[in-house]
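> I would like to see how this sequence folds:
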Amino acid sequence: MPRLAILRFSHEGNTFNPIVTGRAAFERCEWRKGGTARETYRGSRTEMGAAVDFLDAHPDWRGEFLRCAGAPPGGPVSDLLINEVTGEATVDLAGGGWDGVYISLHGAMLGEARKTPDLDMLRAVRGAIGPTCKLAASFDLHANMAWEIGSIVDIAVGYKTYPHVDTYETAEKALGLLARAVAGEIRPFVTIERTGLVLLSHNMRTETGPMAEIEALARELENRHGLYDVSPFGGFTYGDSSNAGASVAVTAERTNTEAPGVARSVCIEIVRRRKGFLPDMPAADSAVRAIVQNPPGGLTAIVEPADNPMSGGIGDTPALFRALIEARPEVPSLFAFFCDPPLLDLARAAGEGGELDTGLGGRLTDIYGPPVQARLRVVRLTDGRFVNNGPMWRGMTVDLGGSALFELVDNPMVRVIVTGACISPNDHAYFQLHGVDLADVRILAAKAKNHFRAAFGPVCARIVDVDTPGPATADLTSLPFKHVTRDMLPPWPGMDGRDGAG
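This is a model prediction of the structure:
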């Protein structure tokens, strides 16, 4: 009976977010082990849900869920926590007689001082299980892949969609290859090539545009050359490390000599399309003013990528909210959201129907603008918990750390959601929790980016990305990178069009 160990340690770290991500953030989201993990993930369309289904479909395998930890993107993870989780994995794996190990990583985790936690974890795992145990890893499409990963794992599979609606399928593929490797049917290896470019992800959606072309090319080359997997990685823009940037991982049979060339050729095509990844966004004030002056017939979403929590935003920048209230909309409008635990406490004290004067945004820092002063009425208080019912992470419980829905006293057409945790409004259940029917809303201003489109693209008449100051700004030259060199960042002076790959 083959023995399989299953682990997860997933986080995407924004160097420019000043809030250290500690254990509490993981415990609020994913911090599970053993039978509890197996039953919690059962039925979810996630990587760990796929692992549960794999074991159910393979009763001849003996599987064990070791530490499974995941938290929403944010600031760097506490080095102490990284040491704790890595150490726990090492102890649990050592001497276990494992035939295979599957680990779910993001690929863009950062520590306070440690800049390669994903690589460090893989090294620790390999050291614990020895050289002959088969090791499969899955990664987010926005992983910053280290070269060395190819020499550690037997199988590497990345998400192929953005928004990420294929997390389940990614793990399913990795586990299927792992099973074949354990059975001796295949002898896989991984090769990784890097582009040397840091890309913005605003135009990285995979239904159309440059990344759609890259993914189509990867599938064509995968089939043509008999490769097990070709995974292009867009990289995570705001993770300042020596591994930052777009890359390609290829998993192939050890006798396949085409794999390195395929990885290089896909990298070249990414470089050729680099200008296609550059966004063209209007300023928030002008975009909001134009929308308010010409009220939409359906739902218009105005999204603010610069403070998108899924890019490591802080849920605190005030520019989009300021633009919305200054435009004084006369149609039902909703702002989602600010992360402000102290304000949430005041709302609980005031109770539903109570009023309070406060500042919104600019609580953590005024570098992105001062707070917006407003008098608010508490409309609804919630415990902040819901279960995703959309295409991303369906079946997973989300904990906002409590939340409140407010309306502006001087313009009740404008409502605001405030939460205790910094989590993107990317699922319909988020709004259902607050008693909001989006069919009655005409303007939805959201701290979000592309993941938002998975659930809300079908119900929005328009989605407009706007430019604001924030920790995930599109102006990368304004950010104090230390490990990423200027020539890696857009707009890449001297490069033009789709030419000059190399």
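> going forward, measure contacts and count neighbours with C-alpha atoms only.
Fine.
> gap between the two ends of stretch 243-259?
End-to-end span of stretch 243-259 (C-alpha to C-alpha, to the nearest Å): 21 Å.
> please read the previous query as pertaining to stretch 346-362.
Stretch 346-362 end-to-end distance (C-alpha to C-alpha) = 17 Å.
> return the set of buried residues in it.
With burial defined by 16 or more other C-alpha atoms under 10 Å, the residues of stretch 346-362 counted as buried are 347-348, 351-352, 355, 360-362.
> could you pull up the mean pLDDT of that stretch?
Averaged over stretch 346-362, pLDDT sits at 98.
> do stretch 210-218 as well
99.
> please save the CA atoms from that stretch in PDB.
Written as PDB, here are the backbone C-alpha positions of stretch 210-218 (Å, rounded to 0.1, in the frame of the first residue of the first chain):
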ATOM      1  CA  PRO A 210      -1.100  37.900 -24.000                       C
ATOM      2  CA  MET A 211      -1.400  35.300 -21.300                       C
ATOM      3  CA  ALA A 212      -4.200  33.500 -23.200                       C
ATOM      4  CA  GLU A 213      -1.800  33.300 -26.100                       C
ATOM      5  CA  ILE A 214       1.000  32.000 -23.900                       C
ATOM      6  CA  GLU A 215      -1.200  29.300 -22.300                       C
ATOM      7  CA  ALA A 216      -2.400  28.200 -25.700                       C
ATOM      8  CA  LEU A 217       1.200  27.900 -26.900                       C
ATOM      9  CA  ALA A 218       2.200  26.000 -23.800                       C
END
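> ok, so of the buried residues of stretch 346-362, who is nearest Thr397?
Arg348 (22.9 Å; C-alpha to C-alpha).
> show me the shaky parts of the stretch 301-450 of the chain.
Within the stretch 301-450 of the chain, no stretch has pLDDT under 70.
> so which of the buried residues of stretch 346-362 sit within strands?
Applying DSSP state E to those, the entries found in strands are 355, 360.
> now the buried residues of stretch 346-362 as JSON lines including distance to Ala143?
Compiled in JSON lines, those are given as follows (distance: C-alpha to C-alpha, whole Å):
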{"residue": "Ala347", "distance to Ala143": "39"}
{"residue": "Arg348", "distance to Ala143": "39"}
{"residue": "Gly351", "distance to Ala143": "43"}
{"residue": "Glu352", "distance to Ala143": "43"}
{"residue": "Glu355", "distance to Ala143": "44"}
{"residue": "Leu360", "distance to Ala143": "33"}
{"residue": "Gly361", "distance to Ala143": "30"}
{"residue": "Gly362", "distance to Ala143": "30"}
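> nearest to Asn203 among the buried residues of stretch 346-362?
Using C-alpha to C-alpha, Gly361 comes nearest to Asn203 of the buried residues of stretch 346-362, at 27.1 Å.
> which ones are touching that closest one?
By C-alpha atoms under 8 Å, 6 or more residues apart in numbering, Gly361 lies in contact with 315-318, 338, 370-372.
> for the residues you listed, which single residue is the most surrounded?
Thr317 (33 neighbours; other C-alpha atoms under 10 Å).
> remind me, longest strand of the protein?
Max-length strand for the chain by DSSP E is strand 372-382.
> buried ones in that one?
372, 374, 376-382.
> which one of these is nearest Thr206?
Thr382 (34.9 Å).
> bridged to the closest one, which residues?
With DSSP bridges applied, Thr382 shows beta-bridge pairing to Ser403.
> isn't Leu408 right up against Arg375?
Yes - with contacts defined as C-alpha atoms under 8 Å, Leu408 counts as touching Arg375 at a distance of 6.1 Å.
> and the contacts of Gly361, which is closest to Pro295?
For these, the nearest to Pro295 is Pro318 (22.6 Å; C-alpha to C-alpha).
> against which helices or strands is the longest strand of the chain packed?
helix 341-350, strand 355-360, strand 403-408 (3 or more C-alpha pairs under 8 Å, 6 or more residues apart in numbering; DSSP states H and E).
> by how many degrees do the longest one and strand 372-382 diverge?
The one in question is helix 341-350. Here the directions of helix 341-350 and strand 372-382 differ by 60 degrees (axes from the mean of the first three to the mean of the last three C-alpha atoms, to 10 degrees).
> now what about helix 341-350, what contacts it?
With contact meaning C-alpha under 8 Å, 6+ apart, helix 341-350 is reached by 354, 356, 358, 378, 381, 402-404, 418-421.
> so who does the spatially most central residue of the chain touch?
Geometric centre of the chain, nearest residue: Met310, 4.8 Å, by C-alpha atoms, centre = their mean. Taking C-alpha under 8 Å, 6+ apart, we find Met310 in contact with 72-74, 423-424, 448-449.
> could you give the mean pLDDT of stretch 43-54?
98.
> could you export that stretch as CSV, CA atoms only?
Taking C-alpha atoms only, stretch 43-54 is exported to CSV below (Å, rounded to 0.1, in the frame of the first residue of the first chain):
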residue,chain,number,x,y,z
GLY,A,43,-16.1,18.6,-1.5
SER,A,44,-14.2,21.9,-2.1
ARG,A,45,-13.0,22.9,-5.5
THR,A,46,-9.5,23.5,-4.2
GLU,A,47,-6.1,21.8,-4.3
MET,A,48,-6.7,20.1,-1.0
GLY,A,49,-10.2,19.1,-2.2
ALA,A,50,-8.6,17.3,-5.1
ALA,A,51,-6.3,15.5,-2.7
VAL,A,52,-9.3,14.2,-0.7
ASP,A,53,-10.9,13.0,-3.9
PHE,A,54,-7.6,11.3,-4.9
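> buried set for stretch 332-347?
Residues of stretch 332-347 classed as buried by neighbour count (16+ other C-alpha under 10 Å): 332-341, 343-344, 347.
> coming back round to it: please flag which of the contacts of Met310 sit within strands.
Short answer: the contacts of Met310 have none in strands (DSSP E).
> tell me where the chain has helices.
Taking DSSP state H as the criterion, the chain carries its helices at 23-29, 34-41, 47-57, 79-93, 117-129, 167-182, 210-224, 259-272, 284-293, 319-327, 341-350, 428-433, 451-456.
> could you name the helices and strands sitting against the fifth one?
What it means is helix 117-129. Going by 3+ C-alpha pairs under 8 Å, 6+ apart, helix 117-129 lies up against helix 79-93.
> quick one: contacts of the helix it packs on?
5, 7, 9, 22-23, 66-67, 111-114, 117, 121, 124-125, 127-129.
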